[in-house]
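> build me a model from this:
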Amino acid sequence: MATDIRSTSWVNTNHPAPAQKPPASEVGVLGWLRTNLFSGIGNSFLTIVTLIALYFIVTNLVQWLLGAYWEPIWVNRKLFAVGQYPLEQLWQPALVLLMVSLLFGLSAGRWGSIMRNLGVGLGALLLALALIPIGLQAQVVMAASLALLLIGYLIGARIAISGRWLAVAWVLSLPATFVILLGGINLPRLGVTWNFAPLVESNLWGGLMLTMLLAVVGIALSFPIGVLLALGRRSNLPVVKLFCVGYIELIRGVPLITLLFMGMTMLPLFLPSNWGNPSQLVRAMTAITLFSAAYLAENVRGGLQAIPKGQYEAADALGLGGFDKLRFIILPQALTKVIPAIVGQFIGLFKDTSLASLVGLLELVAVGKAVIQQPAWLGVTGGVAKEVYVFVAFVFFIFSFGMSFASRKLESKLGFGKR
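As a prediction, the model looks like this:
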């Protein structure tokens, strides 16, 4: 007798079979390790070799750090900070720090974004220096700077401060810094003389303060010069174009140390005779600025070349003049396209300030060399060079990483690399 298959076979749709868990080796930590580090024989071999190398590097580094002799850095902390600046006039660099902290706070509250990130980094550094027992007076200055940073942020966030006036304040802060550090203004040939403190010769400036001054002046002055050179190189005027091309190619064809030596010996030849003899600091700043401007001009030119021709035509169709077209249409797009290159140039400039030690300036690296040669540490077993240079490298890394981090935040805010 035939059997009805439909009556003997059935599927239980009310109680489906439970889902099976994936194998433990495919998910979680084991899954990540298998996918990323042990996905094949070659990757497994490289992972094992890398782990062995990291083990020896980390263990030896930790042992050296724990047994390193850090007293020379602690004893010479004032020399690393401001060089040979007179002890009784350290209130002048402190006043500059207070001014910059207030401006950072106002800018972070007014503009937010990248300035807020820089303000957070500055605040963390000030807090750490305020807690480290580097001296009561120094700790009070750091705490006051941190307080001004926070007060400035609250004011900038709650009060509608004009961004134009804030930008003017930043521009004026650079000459104000020199006036404060010098103790006044001494321009006898122009009939301008005003002193509120004893004059501190620039050859007494040093350490991190001098390194920061060289970097900030170089960045602040080379940026507008570099933009003008990039625009001049694309100009239709033959004289302007040839001058810009000649300048850029000439400066990029020689190393920075050559320009520094030339600035020390030849700069007065290009100045009017009634300008007097510029100091070594001014000569070094001039050489660094001229060197950085040439490289920055090429970075900006790359951004200008990346702008589609249609953007120029659209600006012309709107009836914009040449200056307005550059200000509102071309330069904002060109500069944003080369942010990584520009920031990389600024980081390189900050590190290149160490070459100023070769022309007699006591910047951070030169201070390190001087500390190593102090008689008090000549009898230390193994010397103190490793500790000093590790400390100097760490300081350079902190500021370079800060600029790089701010650059990434700015790119993220502007949406670059996202679709």
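
> next, count neighbours for the residue lying closest to residue 90 once chain neighbours are set aside.
Distances taken as CB to CB, 6 or more residues apart in numbering place residue 82 nearest to residue 90, at 6.7 Å, with adjacent residues excluded. C-beta coordinates here come from the backbone N, C-alpha and C atoms, glycine included. Neighbours of residue 82 under the rule other CB atoms under 10 Å: 24.

> and the one 4 residues further on, by the same measure?
Applying other CB under 10 Å, we find 13 other residues in the vicinity of residue 86.

> contact partners for it?
198, 200, 204 (CB atoms under 8 Å, 6 or more residues apart in numbering).

> surely the last one touches residue 87?
The reference is to residue 204. No: if you go by CB atoms under 8 Å, residue 204 and residue 87 don't touch, sitting 11.1 Å apart.

> between the two, which one's more packed in?
Taking neighbours as other CB under 10 Å, residue 204 and residue 87 compare with residue 204 leading, 15 against 8.

> now the contacts of residue 86 in a markdown table, with pLDDT?
Shown next, in a markdown table, are the contacts of residue 86 (pLDDT from 0 to 100):
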| residue | pLDDT |
| --- | --- |
| 198 | 86 |
| 200 | 85 |
| 204 | 89 |
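
> just put the residues you listed in TSV and tack on secondary structure.
Putting those into TSV (DSSP: H, G, I helix; E, B strand; the rest coil) gives the following:
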residue	secondary structure
198	coil
200	coil
204	helix
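
> the residue nearest to residue 90 reaches residue 205, doesn't it?
Yes: with contacts counted by CB under 8 Å, residue 82 reaches residue 205, the gap being 7.3 Å.

> which residues touch stretch 146-162?
98, 101-111, 116, 119, 122-123, 126-127, 130.

> any stretches of the stretch 51-200 of the chain with poor pLDDT?
In the predicted model, the stretch 51-200 of the chain carries pLDDT under 70 at residues 187-191.

> off-centre distance for the longest helix along the chain?
If you go by DSSP state H, the chain has its longest helix at helix 385-414. Distance, stretch centre to chain centre, for helix 385-414: 7 Å (CA atoms, centre = their mean, to the nearest Å).

> next: stretch 315-325.
34 Å.

> which residues touch the residue nearest to residue 90?
By CB under 8 Å, 6+ apart, the neighbours of residue 82 are 90, 93, 205-209.

> 7 Å instead, please
Residues near residue 82 by CB atoms under 7 Å, 6 or more residues apart in numbering: 90, 93, 206-207, 209.

> quickly check these for the two that are furthest apart.
Farthest-apart pair in the contacts of residue 82 is 90 and 206; separation 12.9 Å (CB to CB).

> between the two, who's got more neighbours?
Using other CB under 10 Å, the more surrounded residue of residue 90 and residue 206 is residue 206, with 24 against 16.

> can you tell me, leaving aside adjacent residues, what's nearest to the more buried one?
residue 83 (1.9 Å).

> ok, residue 72 touching residue 390?
No: the criterion here is CB atoms under 7 Å, and residue 72 misses it with residue 390 at 11.7 Å.

> those two: which is more packed in?
Neighbours around residue 72 and residue 390, counted as other CB under 10 Å, are more numerous at residue 72. The numbers are 22 against 17.

> what's near enough to touch that one?
371, 377, 384, 387-388.

> so what's it closest to, chain neighbours aside?
In space, residue 72 is closest to residue 384, 4.8 Å off (CB to CB, 6+ apart).

> distance check, the one you found against residue 47.
Residue 384 is 38 Å from residue 47, where distance means CB to CB, to the nearest Å.

> and if you look at residue 194?
Distance from residue 194 to residue 47, by CB to CB: 67 Å.

> among those two, which residue is more densely surrounded?
More crowded of residue 194 and residue 47, by other CB under 10 Å: residue 47, with 15 against 10.

> now do the strands in the stretch 151-300 of the chain.
Using DSSP state E, counting those that start in this stretch, the strands of the stretch 151-300 of the chain run over 184-187, 192-195.

> and of those strands, who's closest to residue 243?
Of all the strands of the stretch 151-300 of the chain, strand 184-187 comes closest under CB to CB, at 30.4 Å.

> and the closest one, how far out from the chain's middle?
The answer for strand 184-187 is 30 Å, by CA atoms, centre = their mean.

> what's next to it, contact-wise?
Applying CB under 7 Å, 6+ apart, the contact partners of strand 184-187 are 179, 192-197, 199.

> farthest pair in those residues?
Of all pairs in the contacts of strand 184-187, the most separated under CB to CB is 192 and 197 at 16.5 Å.

> export the contacts of residue 86 as CSV, with columns for distance to residue 162.
Rendered in CSV, the data for the contacts of residue 86 read as follows (distance: CB to CB, whole Å):
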residue, distance to residue 162
198, 37
200, 34
204, 38
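
> which of those residues lies closest to residue 56?
Distances from residue 56 to the contacts of residue 86, taken by CB to CB, are shortest for residue 204, at 45.0 Å.

> which ones are touching the closest one?
By CB under 7 Å, 6+ apart, the neighbours of residue 204 are 83-86.

> closest one of those residues to residue 413?
residue 83 (37.2 Å).

> ok, that closest one to residue 363 distance?
8 Å.

> what of residue 299?
25 Å.

> compare these two (neighbour count), which wins?
Between residue 299 and residue 363, counted using other CB under 10 Å, the more crowded position is residue 363 (25 against 22).

> next, that one: phi, psi?
Here is the backbone geometry of residue 363 (degrees, to the nearest 10): phi -80, psi -170.

> cool, and residue 253?
phi -90, psi 0.

> going forward, the N-terminal residue is numbered 15.
Done: numbering now begins at 15, and the last item shifts to residue 267.
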